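Enquirer: My questions concern the predicted model and sequence given below.
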Amino acid sequence: MRAPDLDGQDADVPIFAADAFRLSDFAADLIGKARRFGRRVLAPRAAQHDRDATFPLENFRDMHGEGLLAICIPKADGGLGADFLTYCLAAAELGRYCGATALSWNMHVCSTLWSGALADDLQMTPAERAAHQRRRHAHYRRIIDDGAIYAQPFSEGGAAAAGVVAFGTEARPVEGGFIVNGKKIFASLSGAADYYGVLCTERAEGEAASRRNTLYLAIPASAAGVSVVGDWDPLGMRGTVSRTLLFKDVFVPADEMLMPHGVYFQAATRWPHMFLTLSPTYMGLAQAAYDFTVAYLRGEVPGTPPVKRRMFPTKQIAVAEMRVSLEQTKALWFQAISEARANPSKEQVLRAYAAQHTVMENANVIAAKAIRTCGGQAMLKSLPLERIYRDSRCGSLMLPWTAEICIDRIGREALYEPGEKDE
Ligand SMILES: Cc1cc2nc3c(=O)[nH]c(=O)nc-3n(C[C@H](O)[C@H](O)[C@H](O)COP(=O)(O)OP(=O)(O)OC[C@H]3O[C@@H](n4cnc5c(N)ncnc54)[C@H](O)[C@@H]3O)c2cc1C
C-alpha cells in the first residue's frame with residue numbers, strides 16, 4: 001500500500017507507476033506532485049466541504065501556490081506545460097483524495113488545455129492564430145499572476161450539451177464585443193469562479209442559430225447582468241457547488257474569446273478526446289475505493305479499531321474481483337488517453353467512448369462493492385468510503401459523454417459508416 005516518497009514522506013503508491021506505464025520524468029514528477037498535494041492538502045478538507053456542500057476555495061488558493069492552476073498553460077506563456085496525458089494522470093491522483101476538487105479543477109484546467117495545446121492542433125489563419133495567442137496570453141496571466149479561477153458552464157438542460165443542437169445561450173455581436181443572454185445549469189464553481197468559460201451561439205440579427213457558430217467566451221463573474229441562482233443540495237460531488245447561472249444582456253469584450261470564431265466546433269469534431277477530461281476524477285475515485293478496502297480489511301484505516309478481516313475467503317475473492325475491474329479500467333483508460341490527438345481514427349474514437357463508459361460505470365461498481373465487502377462500519381460518514389460511493393455515482397450522468405450516450409454512439413458508429421443509411 002505504502003511506498004517511500006521522493007521527499008522522504010510516506011505516500012500512496014502512484015495509480016500509474018512511471019516505469020510500468022513508460023512515463024517521462026517530467027510527467028512522473030508532475031503527477032507525483034499532484035498525488036502528494038492531494039494526500040496532504042485535499043484529503044483532510046474533503047469531508048467538511050462534502051457535508052456542507054461548500055466550494056473548497058482554499059484548495060484552489062493552495063493549487064495556485066503550487067502552480068497547479070497553470071498545469072496546462074504552455075511553458076512559453078509561463079505555465080507548467082503539461083500535455084493531455086500528463087494532465088489526466090495528475091487529475092486522477094487528485095480525484096483519489098477529493099472528487100469535488102478534482103472535478104472542479106478539471107473545469108478550470110480545460111479552459112487552458114482547450115485554448116492551449118488543443119487549439120494549437122486546429123486550423124486557423126495566421127491572423128486568427130496571432131489574435132488567439134495574444135488573447136489567451138492575457139487569460140493565462142490572470143491565472144498565473146492572480147490565481148484567477150475559470151469555470152466551464154456548458155449545460156442548459158436541453159439537447160445542446162450533448163452536441164445535438166445549437167446552444168440556447170446566445171452572443172449577439174456588437175461594437176467591441178458581444179451581448180450575451182441565456183442560462184446555464186449545473187455550473188460547477190458557481191459563485192467561486194472569477195470567469196465563466198461559457199459556450200454560446202454567436203448569432204447576428206436575423207441569422208439562424210447554428211452549432212458551427214458556437215463561441216467559447218470567458219464571462220467575468222463580476223460583469224453586470226451575471227447572477228447565480230438556485231440551491232445546491234445533491235447526492236454527490238457536493239463541493240462542486242454547481243448552481244444555475246443567468247446572463248441578462250451581459251456585455252462581453254471581444255478579447256474574452258477563448259477560441260476564435262468557429263474553432264470550438266472544429267475542436268468538438270476533430271479533437272473528440274477533449275470530452276474525456278471529465279473521466280480522470282472518477283479513475284481516481286475507483287482507485288480510492290479499492291485502496292480503502294485493502295486498508296480496511298488489513299485493519300489499517302485510521303479511526304477504526306485495528307481489527308483484521310482479511311482472512312475470510314469471501315473478502316479475498318471480493319478484493320480480487322475489485323482488482324480485476326480496476327486493472328481493466330486502468331488499462332483501457334490509459335490506452336484511450338494516450339491516443340488523444342487531432343483527427344483520431346474511428347477505432348480510437350470508439351475506444352475513447354468505451355473508456356469513458358468503463359471508468360464512469362466501474363468507479364461506482366467498485367465503490368458499491370467496497371461498501372458491501374467492508375461492511376456497516378465502513379459506510380459511516382466519519383470515513384471517506386461513503387463519500388467516494390456517492391461521488392462516483394455522478395460520473396455516468398455527465399454530458400456530453402454520459403454512459404448512455406457512449407453506448408448509443410458505439411453501437412451506431414460501429415454499425416454505420418458516416419452517411420450510411422438502410423433504405
Ligand atoms: C456534479 C456535477 C457537476 C457538473 N458540472 C458541470 C459543469 O461544470 N458544467 C456543465 O456544463 N455541466 C456540468 N454538469 C452537468 C452535466 O453534464 C449534465 O448536463 C447534467 O447532469 C444535466 O443532466 P440532465 O439530466 O439535465 O440531462 P438530460 O439532457 O436531461 O439527459 C438525461 C439523460 O438522458 C440521456 N441523454 C441525453 N441526451 C441524449 C442523447 N442525445 N442521446 C442519448 N441519450 C441522451 C443521458 O444519458 C442523460 O444522462 C455537472 C453535473 C454533475 C452531476
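Expert: Thanks, I have the structure now.
Enquirer: And the helices in this structure, which stretches?
Expert: 25-37, 43-52, 57-66, 84-95, 99-113, 119-120, 126-146, 263-270, 279-297, 313-338, 346-374, 385-393, 403-415 (DSSP state H).
Enquirer: can you redo those helices as TSV with mean neighbour count and mean pLDDT?
Expert: In this view, the C-beta of every residue, glycine as well, is placed from N, C-alpha and C. As requested, the helices of the chain are exported to TSV (neighbours: other CB atoms under 10 Å; pLDDT from 0 to 100):
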stretch	mean neighbour count	mean pLDDT
helix 25-37	20	98
helix 43-52	16	98
helix 57-66	17	98
helix 84-95	27	98
helix 99-113	27	98
helix 119-120	18	98
helix 126-146	16	98
helix 263-270	20	96
helix 279-297	26	98
helix 313-338	16	98
helix 346-374	22	98
helix 385-393	24	98
helix 403-415	14	97
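Enquirer: and G79, what does it touch?
Expert: Going by CB atoms under 8 Å, 6 or more residues apart in numbering, G79 touches G67, A70, I71, C72, I73, T112, G116, Y140, I143, I144.
Enquirer: check these against the ligand, which are close?
Expert: Among those, none lies close to the ligand by the criterion of CB under 6 Å from any ligand atom.
Enquirer: Going by distance to the ligand, which of the residues you listed wins?
Expert: T112 (15.3 Å; CB to the nearest ligand atom).
Enquirer: So what's the residue count around the nearest residue to the closest one once chain neighbours are set aside?
Expert: In space, and not counting its chain neighbours, T112 is closest to C72: 4.5 Å by CB to CB, 6 or more residues apart in numbering. Neighbour count of C72, defined by other CB atoms under 10 Å: 27.
Enquirer: next one: G177
Expert: With other CB under 10 Å as criterion, G177 counts 18.
Enquirer: What residues does the stretch 101-250 of the chain have near the ligand?
Expert: Close to the ligand, as judged by CB under 6 Å from any ligand atom, the stretch 101-250 of the chain has residues 107, 152-155, 157, 159, 161-162, 164, 186-188, 237, 240, 242.
Enquirer: Just the ones of those residues in strands?
Expert: Those of these mapping onto strands are F186, A187, per DSSP state E.
Enquirer: Among the residues of the stretch 101-250 of the chain next to the ligand, which one is most surrounded by other residues?
Expert: T240 leads those on contacts (other CB under 10 Å) with 30 neighbours.
Enquirer: contacting residues for the closest residue to it other than its chain neighbours?
Expert: Distances taken as CB to CB, 6+ apart place S188 nearest to T240, at 4.1 Å, with adjacent residues excluded. Applying CB under 8 Å, 6+ apart to S188 gives the contacts L103, S104, M107, A151, Q152, P153, T240, V241, S242.
Enquirer: how close does S188 sit to K75?
Expert: 27 Å (CB to CB, to the nearest Å).
Enquirer: what's the answer for T54, then?
Expert: From T54 to K75 the distance is 34 Å (CB to CB).
Enquirer: closest point of the stretch 1-150 of the chain to the ligand, which residue?
Expert: For the stretch 1-150 of the chain, CB to the nearest ligand atom, closest residue to the ligand: M107, 4.7 Å.
Enquirer: so what's that residue up against?
Expert: Neighbours of M107 in contact, by CB under 8 Å, 6+ apart: Y150, A151, Q152, S188, L189, G197.
Enquirer: For the last one, grab the count of nearby residues.
Expert: I take that to be G197. That count, for G197 with other CB under 10 Å as the rule, works out to 25.
Enquirer: What confidence value was assigned to it?
Expert: G197 carries a pLDDT value of 98.
Enquirer: For the closest residue to it other than its chain neighbours, give me its contacts.
Expert: Among residues not flanking G197 along the chain, S111 sits closest, at 4.4 Å (CB to CB, 6+ apart). S111 makes contact with H139, Y150, Q152, Y195, G197, A218, L258, according to CB under 8 Å, 6+ apart.
Enquirer: State the distance from S111 to Y140.
Expert: From S111 to Y140 the distance is 10 Å (CB to CB).
Enquirer: same thing with V164?
Expert: Applying CB to CB to V164 and Y140 gives a distance of 32 Å.
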